[in-house]
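**Student:** Here you go, sequence then predicted model.
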Amino acid sequence: MLRTSLAVLAILSLSTSLVQAQSAWTGGDDLPTSPLACDGTPATPVAKPYDGGMTTNAPDRNGKPITVVDVPKLIGIGYFDATSKGIAEAAAELGNMTATTDGPTEANIDDQITLIDNYITKGVDGILFAANDPVAIAPVLKKALAAGINVVGYDANSEPDARQWFVNQAEFNGIAKSLIDSLVAETGADASFAIVTSTFTTPNQARWIAEMAAYAAACHPGLKWLETVEAQEDNILSFNQANTLINKYGDDLKGIVGMTSVATPAAADAVTQAGKCGSIAVVGLATPNAMKPYVASDCVKSVVLWNPVDLGYVAAHVLRAVADGTLKPGDTTVKAGKLGELSVINGSEILVGAPFVFNKGNIEGFDF
Amino acid sequence: MTTDHAPAFVAKRTGLVRFISTYGQEVVIAGAIIALFVLVSMVSPRFLSANNLNTIISGNAYIAVAAIGMSMIIITGHIDVSVGALIGVLATISGTLATAGYPVWIAWTLPILIGVGINAIVGALVAYGRIPSIVVTLGMLSILRGGLVSITGGAWINDLPPDFHLAQQRLLDIPIPIWFMVVLTVGAFLWMRHTAFGRSLFAIGGNIEAARASGIPVERRVVQVFMIHGAFAGLATVLFATQLRIIQSTVPPNLELTIITAAVIGGVSILGGTGTVIGSTLAAILFSAIGSAMIFINVSPYWLRAVIGVLILITVLIDMARRVREQRSAKR
C-alpha cells in the first residue's frame, strides 16, 4: 500500500515537473520557439521550397490593366473595411489595377464559395481572399487557378496549394517581441508583471506566450513573470482576475499583459478603477476600438496588433507582382510600394513586417 | 403533498434543528465561504484586504442578481437557458441609448422593461402554449444571440458617457453592485417567504395539481414569474453593462449555465419546489471567492471547474436523498 502510494507520488511529481519543463511561463505551449533578435534584425528566413499553387494557361498580364476582386471573410465590419481601403490605395497607386471588394454579409464559408465561383464565371484576372475555412475554400480557389486566374490570400489562409501566395500579417515571434518591448518601455527591464489570457490551451495565445517567454529570456532576463491567469473570453471575469492580481501583488505588480481583445480592455479598466494608471502598465493584443477609451485617458500607452490597411496594401501589390511575373516561386523578397522590400517566409508567404503599435497619436485613425 | 416543503411550510420543529433543516444548503455555503477566507488568509493575509473583499463580493454581483430570478423560475418548476443572451442584448440596448444621448436613467431602466416584455412572451408560450420551458428558451437563445450579432455586426460600444457607469460608483463607501445584490436578495427572500404570491411559486413547483386544486392561477403565475425573472435579468444587465468602459457585442461564454449553477448550488432544487435566493447569492459569492483564492494560493484554475463540478454533484445528490427520505416519511 505504502509502496503503491509512493509510486503514485513519484509519477505525479514527475508529470508535474514535465509539465513545468514545457514552457517557461504558464499558458505557453511546448512547441519550439524562435525568438527574434533583441535589436529587431530580421531573422534569416528558413529556406523552404515554394509550396503554393500554379495557374494553368494564364495569359500574359505583364504591365496590362487587370481587374481584381477582393473577397474578405465578410463585409461591413471595420477590420475588412480597412483591408479594402489598403487594396484601393495600392490600386490607385499602381494605376493599372481595378479592384472591387465583394464579400458575404456574414462570415459564412458557403456564401464565400458561391461568390468566388460567380466571379470565376464572370471572368476576372485576380482574386484576393481571406478564407472563412482553409479547407472548404480550397476547391473553388483551385478552380480559379485552373482558369488562369491569379489567387492571393491575406489575413486567413487556405491550404497552400489552393492559392499562389499568402500575405501573413504577423508572426508569433514578432507579436511576442512587440508586446515585451512595449512592456519594458513602460516598466523598465527589471519589473514584475502578470499575464491575463483566455485559456491556457487557446492555440494562438499559447503560442504568443511561449514566444514571449523565449524572447524575454534572451533579451530582457531581468523581467520577472509572476503568473498567468485565465479569464475565458469573459469581460467581467477578466476584470475580476486583473483586480485580484492587483490585490495580491500590491506595489510589486508593475505591468499586466492582456492576450485578447476581451482581456486587455478589462485589465485596463481594473487598473483605472484601482487608481493605478501610471504605476501599473497595461499592454496587450487588442483591436483599436476596444482600447480607445483607455488610450484616450492615457492609462494605456501601446496596443499591439497589425495594421489592416497595410495588410490589404501589400496583398494588392503581391497580386500585381504575380500577374506581372516579377514574383516567382523561389523568390525571397517582393517589392510592395511604399512599404519597400518584404521577405518571403514559409515557402509561399509574404510577411507584412513588424506588428503595428497603436498609440494615442494614431489610434483614432482606425475603426475596427 | 409529498414534495411540498417550502421553508414557510415546514412542520413545527424547534430552534436550531428547524433552522438547519430548512436552510441546510445556505448554512453549508456560508460555512464554506468563511472556511475559505480563514484558510487562504493564513497563506496570504492580503486575501482579506478591503480591496480584495470588494473584488470578491462585487465581482459576481450581476450573476447573483440574475440568479435571483433564475431561482424563482427553477422553484416554479421551469428553466431558462436564454438569460445570458438576454443580458447581452439588453446591455447593447442600454449602451446604445446612452451613446445616443438619452439620459442615463433611461439607459438603465428601459432595458429592464424590455427584459420584462421579452420574458412575458416566453412565459406565455410556456404557460398557455404548453411548450416546455427548455424548448422555448432554447429558441429564444438562438433568436437573441443571432439578433445581437446581426444588428451590431460585432461592433463594440466604446464612447459611453462617464455618468453611465453606475457599477463603478459607491454609496457609503460600498460599491453599488454590492448594494444591488444585498437589497435585491433580501427583498426577494422576504417576498417569496411572506406573501401569498411568493409562496404560490413553491406550491406550483412542488405539486402543480395540488396548487391548481388549492385555487392558485397557475398559468398566470408562470407568466408573471417569467416577467419578474426578466426584470432581474434587466437589473443584472445594469451592473454588467456599467462595470467597464466598453460594451462588447458578445456575452461571457456559458453565462446562463453559471447563473443556473449558482441557483442549484445555492440549494434550489432542480426539480422545483424548494430553495432560497439567499443560497443562490451565497453561491455566486462562493464562486468568485474560489476564483480569487485560486490566484492567491497559485492553484491552476482548472481546479475551479473541477471544484464547482463536485459541488453540483454533491448538491444534487443531497437534494435527491432528501426527497427520497421525505417520500418515505410521507408514506408512513
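**Tutor:** Looks like it came in fine.

**Student:** So the residue nearest to A:Ser348 when sequence neighbours are not counted versus A:Ala316, what's the distance?
**Tutor:** Excluding the flanking residues, the one nearest A:Ser348 by CB to CB, 6 or more residues apart in numbering or on different chains is A:Gly52, at 3.4 Å. For glycine as for every other residue, the C-beta is placed from the backbone atoms N, C-alpha and C. Distance check for A:Gly52 against A:Ala316: by CB to CB, to the nearest Å, it reads 17 Å.

**Student:** and the residue of the stretch 151-300 of chain B nearest chain A?
**Tutor:** Closest to chain A within the stretch 151-300 of chain B is B:Pro252: 3.6 Å, counting by CB to the nearest CB.

**Student:** what about the nearest residue to that residue once chain neighbours are set aside, how many neighbours?
**Tutor:** Residue nearest to B:Pro252 in three dimensions, not counting chain neighbours: A:Asp234, with 3.6 Å by CB to CB, 6+ apart. For A:Asp234, the count of nearby residues is 23 (other CB atoms under 10 Å in any protein chain shown).

**Student:** ok so A:Ser343 is a strand residue?
**Tutor:** Yes - A:Ser343 sits within a strand when classified using DSSP: H, G, I helix; E, B strand; the rest coil.

**Student:** Quick one: low-confidence residue ranges for the stretch 51-200 of chain B.
**Tutor:** Within the stretch 51-200 of chain B, the ranges that satisfy pLDDT under 70 run B:153-154.

**Student:** what residues does it put near chain A?
**Tutor:** Applying CB under 8 Å from any CB of the partner chain, we find that the stretch 51-200 of chain B lies next to chain A at B:51-52, B:55, B:59-60, B:62, B:150, B:153-156, B:158-160, B:168.

**Student:** Buried ones among the residues you listed?
**Tutor:** Buried by 16 or more other CB atoms under 10 Å in any protein chain shown: B:Asn52, B:Thr55, B:Gly59, B:Asn60, B:Tyr62, B:Gly154, B:Ala155, B:Trp156, B:Asn158, B:Leu160, B:Gln168, out of these.

**Student:** how about the strands in chain B?
**Tutor:** B:170-171, B:174-175 (DSSP state E).

**Student:** Comparing those strands, which comes out most buried?
**Tutor:** strand B:174-175 (a mean of 18; mean count of other CB atoms under 10 Å in any protein chain shown).

**Student:** returning to what we had before: the residue of the stretch 151-300 of chain B closest to chain A - how many residues pack around it?
**Tutor:** Neighbours of B:Pro252 using other CB under 10 Å come to 23.

**Student:** ok, it - contacts?
**Tutor:** A:Gln232, A:Glu233, A:Asp234, A:Asn235, A:Ile236, A:Leu237, B:Gly84, B:Thr258 (CB atoms under 8 Å, 6 or more residues apart in numbering or on different chains).

**Student:** if you set the cut-off to 10 Å instead, what comes out?
**Tutor:** Residues near B:Pro252 by CB atoms under 10 Å, 6 or more residues apart in numbering or on different chains: A:231-238, A:262, B:62-63, B:84, B:87-88, B:240, B:258.

**Student:** Also B:Ile208?
**Tutor:** Taking CB under 10 Å, 6+ apart as the contact definition, B:Ile208 lies against B:Thr76, B:Gly77, B:Ile216, B:Val218, B:Val222, B:Gly272, B:Gly273.

**Student:** now do 7 Å
**Tutor:** Residues counted as contacts of B:Ile208 (CB atoms under 7 Å, 6 or more residues apart in numbering or on different chains) are B:Gly77, B:Val218.

**Student:** State the pLDDT value of it.
**Tutor:** B:Ile208 carries a pLDDT score of 87 in this model.

**Student:** distance of it from B:Gln224?
**Tutor:** With CB to CB as the criterion, B:Ile208 and B:Gln224 are 15 Å apart.

**Student:** likewise A:Asp310?
**Tutor:** As judged by CB to CB, A:Asp310 and B:Gln224 stand 57 Å apart.

**Student:** neighbour-wise, which of those two wins?
**Tutor:** Remark: of A:Asp310 and B:Gln224, A:Asp310 carries more neighbours, 22 against 19, as counted by other CB under 10 Å.

**Student:** Helix, strand or coil: sort out the more buried one for me.
**Tutor:** When classified by three-state DSSP, A:Asp310 comes out as helix.

**Student:** Name the nearest residue to it, sequence neighbours excluded.
**Tutor:** Closest residue to A:Asp310 apart from its sequence neighbours, by CB to CB, 6+ apart: A:Val352 at 5.7 Å.

**Student:** Show the pLDDT at the one you found.
**Tutor:** Here, the pLDDT recorded for A:Val352 equals 89.

**Student:** My guess is it contacts A:Val314. True?
**Tutor:** Yes - with contact defined as CB atoms under 7 Å, A:Val352 reaches A:Val314; the gap is 5.2 Å.

**Student:** Need the residues touching each of these two.
**Tutor:** What both A:Val352 and A:Val314 touch, as defined by CB under 7 Å, 6+ apart, is the set A:Val167, A:Leu342.

**Student:** Between these two, which is the more surrounded one?
**Tutor:** Legend: neighbour count by other CB under 10 Å for A:Val352 and A:Val314, higher for A:Val314 (28 against 25).

**Student:** tell me the contacts of the more buried one?
**Tutor:** Contacts of A:Val314 by CB under 7 Å, 6+ apart are A:Val167, A:Ala336, A:Leu339, A:Leu342, A:Ile350, A:Val352.

**Student:** what phi and what psi does the backbone show at it?
**Tutor:** Backbone torsions for A:Val314, taken as degrees, to the nearest 10, come to phi -70, psi -40.

**Student:** Okay, it and chain B: tell me how far apart.
**Tutor:** Relative to chain B, A:Val314 is positioned 25 Å away (CB to the nearest CB, to the nearest Å).

**Student:** A:Ala130 now?
**Tutor:** Using CB to the nearest CB, A:Ala130 is found at 15 Å from chain B.

**Student:** repeat for A:Ala214
**Tutor:** Separation of A:Ala214 from chain B (CB to the nearest CB): 22 Å.

**Student:** close enough to count as contact, that residue and A:Asp30?
**Tutor:** No - in this structure, A:Ala214 is not within contact of A:Asp30 by CB under 7 Å, at 11.8 Å.

**Student:** Who has more neighbours out of those two?
**Tutor:** The residue with more neighbours, out of A:Ala214 and A:Asp30, is A:Ala214; 23 against 12, by other CB under 10 Å.

**Student:** and A:Val227, what does it touch?
**Tutor:** No, residue A:227 isn't Val; it's Glu. A:Glu227 makes contacts with A:Thr26, A:Ala194, B:Asn298, as judged by CB under 7 Å, 6+ apart.

**Student:** among these, who's most crowded?
**Tutor:** Counting by other CB under 10 Å, top hit in the contacts of A:Glu227: A:Ala194 with 25 neighbours.

**Student:** and that one, helix, strand or coil?
**Tutor:** Under three-state DSSP, A:Ala194 falls in the strand class.

**Student:** Tell me how many other residues crowd A:Lys122.
**Tutor:** With other CB under 10 Å as criterion, A:Lys122 counts 9.
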